[in-house]
Structures are given as C-alpha cells and as structure tokens.
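A.B. asks: Below are the sequence and a predicted model; questions follow.
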Amino acid sequence: MIRFKRSYACPLFAFALLIQAAVAADFTFRSSAPSTVLTSACTNTSALDGIVDRFAWAERTQWHRGFVIDTISNPRPSGHPFAEPGLVERDYCMADSVMTNGNVHPVYYTIEHGLGFAGVGRYVDFCVLGLDPWHVHDGDCRTVR
C-alpha cells in the first residue's frame, strides 16, 4: 500500500489559481490618459528611495564610477501611451536625478503592480538615461519609457 504524506502544496496551488482568476476577472483595458492615481503612484517615496538604493548598490558592486544619486525630484508620468493590453498593471514614470558629482540625468521607471515578492506588492524597474553601461534597457532606456 502506498501512503502519501500530507502535502501543503495543493492548497497553495489552488489558492494561487484562485488569485489569478480574480485578477483576470478584474482586468481592465487602459486606453485613456493617466489619472491622479498614476500621479500618486509616480510620487511614491518608497519606490523613489528604492531606486536610489539600488543605483547605489550597482555603483558600489559593479560600476565603480565614483558617484551615486543624491536626490530625485519632479516625479511625473512619462507620457507612455496607455493602450498596452496585459494582466500586469504598469505605471510608466520619469523624474530628474541629481548625482553626487553634480550632473543631472532623467530617470525612467516602471512600477509594476502585483509583481513583488510572491506576487504581492509591486516591482520598480528603472533606468538612468546615459548611465546604463550594459544597455540593459536599450540604449536610451526605451524598455522603461
């Protein structure tokens, strides 16, 4: 006789499917201009602080150029056309960054809702124009504009 141990994976898998169905049922096609909700998403201080921290980490561990982001100001929607279908809600934003060496560079960032750890929260992907030496986001930060 084969005995199976009690598995917690099946209920978790069923719960994940239930969440996905709920998200799919609530899916809306955004084809209009950004609302005030988008503006508040772009000005989220934890997202902007995360950009500063992740840029500093990359500078310290990889690039060694000698400067980091000192301040980020004027966060706003980047003007991305919002007719992008998909299940992931994204807010495309931009801001101005002042580096510790005094140079000013635009920062483009995307706030992806529901893509945080284990699908909870948000993920912020960013690119500082002119400071992407490996062209991860294309030459001109095209993928996050």
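C.D. replies: Cool, got the structure. Residues are numbered from 1 along each chain as shown.
A.B. asks: Which pLDDT value belongs to the closest residue to residue 114 other than its chain neighbours?
C.D. replies: Of all residues not flanking residue 114 in the chain, residue 88 sits nearest, at 6.4 Å (Cβ to Cβ, 6 or more residues apart in numbering). (Glycine included, C-beta is placed from N, CA and C.) pLDDT, residue 88: 82.
A.B. asks: ok, now the one 3 residues further on?
C.D. replies: The predicted local confidence for residue 91 comes out at a pLDDT of 90.
A.B. asks: Am I right that it is in contact with residue 111?
C.D. replies: Yes. Assessed by Cβ atoms under 8 Å, residue 91 is found in contact with residue 111 at 4.4 Å.
A.B. asks: Tell me how many other residues surround the residue nearest to residue 114.
C.D. replies: Neighbourhood size, residue 88 [other Cβ atoms under 10 Å]: 13.
A.B. asks: Now it: phi and psi?
C.D. replies: Listed backbone geometry of residue 88 is phi -100, psi 120, with angles given as degrees, to the nearest 10.
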